[in-house]
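**Student:** got a predicted model here, sequence first, then my questions.
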Amino acid sequence: MDKKKDGAKWKKTLRLFLTFMKIGLFTFGGGYAMIPLIERETVERKQWITGDEILEIVAIAESTPGPIAINAATFVGWRTAGAAGAAAATAGVVLPSFLIITAVSFLLARFRSNRAVSYAFAGIRAGVLALIVKALWSMFKKCPKGLFCYLIMAFAFAAAAFLPVNVIWIILLCAAFGVARALFLKRRDGRDPS
Amino acid sequence: MILLELFLTFFKIGAFTFGGGYAMLPMIEAEANARGWLSTEELIDFIAVSESTPGPYAVNIATFIGIRTGGVAGAAVATLGVVLPSFLIILLTAGLYSRFRQSKTVAGAMGGLKPAVVGLIAAALLTLLKAVFLQDGFSTALFTDPSFYVSLLIFAAGVLLSFRKVPPVAVILISAAAGIVSGFLFS
């Protein structure tokens, strides 16, 4: 009996590993690009989790540090097969990138001095900046609007661009500003602090 | 020792990145530059590689910097370092998610973090713009250098294309082609 149960659990862990390896292999751009694929694989096909749980994952991923892909893999793995499942899913989603980048970095080292390659990268550098401009704009649009947000943005930008301080301190300080504002608003609105 | 340093640095990066993807850029730029692991130009090249290969950006860049500084073992510890904080935090919060979601403190902190990330990325973008367009500082020689105008043109075209929802890989390929053509043309 127990052995059979154990066998089923290992099978599930292995399937988690393979499924997330597939997700890692076919997601370009990372982050939110991964969510539809995770939904198709784990909700529609395997029915490991529900559609509501996908939304939950996005919400959690947004309010905890780290890459969303890792957050999602760990969460689904944990829900489906406990800690072993979480480890298997996370290892699965990481492995393809790891192997591909290892191969690419050897190729890059080899062909970097090639003239065509170096010209290509001169063009690519300018193109990549355009991608970052677009990403920045998307993130700006997703941000809540208002004076507080604009002040935080300006503060974070100025501190990072012109002051010799570690980014971590800026992040912590801005989080503290956010907490202080939430507490202030709660007091002003006279609601009971819970 | 380099392995330990790689692990700790990427652990820190993993623990303090909110929002994923480009949100990681400012910290990577600061840490890798301070430690001499990667020049700003190499970082930009690598963003291109990461956009054209599958997988999460964080894992890609950790693997890449890890290999460059500590071989395959370096890649393994850097990747483990960047992944571990998320992994542990999700395991810890998954059980008490409903409490976590209703927490006013968490919501308040996120209200400060989201705009902070936008400001930080803008600052990182400024550094990258300087590295690409003003490599040798600002001087009038810039205006007689054809490669400056080519870069400017590719950048402008890239912005237009991205805002028209052209996929990043396509923007990178077009930029590469433009770079090769103009490189052979002007040399």
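**Tutor:** Alright, I've got the coordinates.
**Student:** let me see the contact set for the closest residue to A:Leu95 other than its chain neighbours.
**Tutor:** Nearest residue to A:Leu95, sequence neighbours excluded (CB to CB, 6 or more residues apart in numbering or on different chains): A:Met21, at 5.7 Å. Every C-beta, even on glycine, is put in place using the N, C-alpha and C of the backbone. Residues in contact with A:Met21 (CB atoms under 8 Å, 6 or more residues apart in numbering or on different chains) are A:92-93, A:95-96.
**Student:** out of those, who's the most crowded?
**Tutor:** A:Val93 (33 neighbours; other CB atoms under 10 Å in any protein chain shown).
**Student:** so it: helix, strand or coil?
**Tutor:** helix (DSSP: H, G, I helix; E, B strand; the rest coil).
**Student:** going by residue numbers, what spans are helices in chain A?
**Tutor:** A:2-26, A:34-38, A:51-63, A:68-111, A:115-142, A:147-162, A:167-188 (DSSP state H).
**Student:** ugh, wrong one, I meant chain B
**Tutor:** Going by DSSP H, chain B shows helices at B:2-15, B:25-34, B:40-52, B:57-95, B:97-102, B:104-133, B:146-163, B:168-186.
**Student:** Serialize those helices to TSV and add fields for mean pLDDT, distance to chain A and mean neighbour count.
**Tutor:** Shown next, in TSV, are the helices of chain B (pLDDT from 0 to 100; distance: least, CB to the nearest CB, whole Å; neighbours: other CB atoms under 10 Å in any protein chain shown):
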stretch	mean pLDDT	distance to chain A	mean neighbour count
helix B:2-15	93	5	20
helix B:25-34	85	5	21
helix B:40-52	84	5	21
helix B:57-95	90	3	23
helix B:97-102	68	7	13
helix B:104-133	87	2	22
helix B:146-163	91	3	18
helix B:168-186	90	2	19
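**Student:** of all those, which one is nearest A:Ala120?
**Tutor:** helix B:168-186 (4.0 Å; CB to CB).
**Student:** most tightly surrounded among the helices of chain A?
**Tutor:** helix A:68-111 (a mean of 22; mean count of other CB atoms under 10 Å in any protein chain shown).
**Student:** related to what we said a few turns ago, and which of the contacts of A:Met21 is nearest B:Ala131?
**Tutor:** For the contacts of A:Met21, the nearest to B:Ala131 is A:Pro96 (29.9 Å; CB to CB).
**Student:** not counting its neighbours along the chain, what's nearest the spatially most central residue of chain B?
**Tutor:** For chain B, the residue nearest the mean C-alpha position is B:Leu25 (3.6 Å; CA atoms, centre = their mean). Closest residue in space to B:Leu25, ignoring its immediate chain neighbours: B:Ala124 at 4.8 Å, by CB to CB, 6+ apart.
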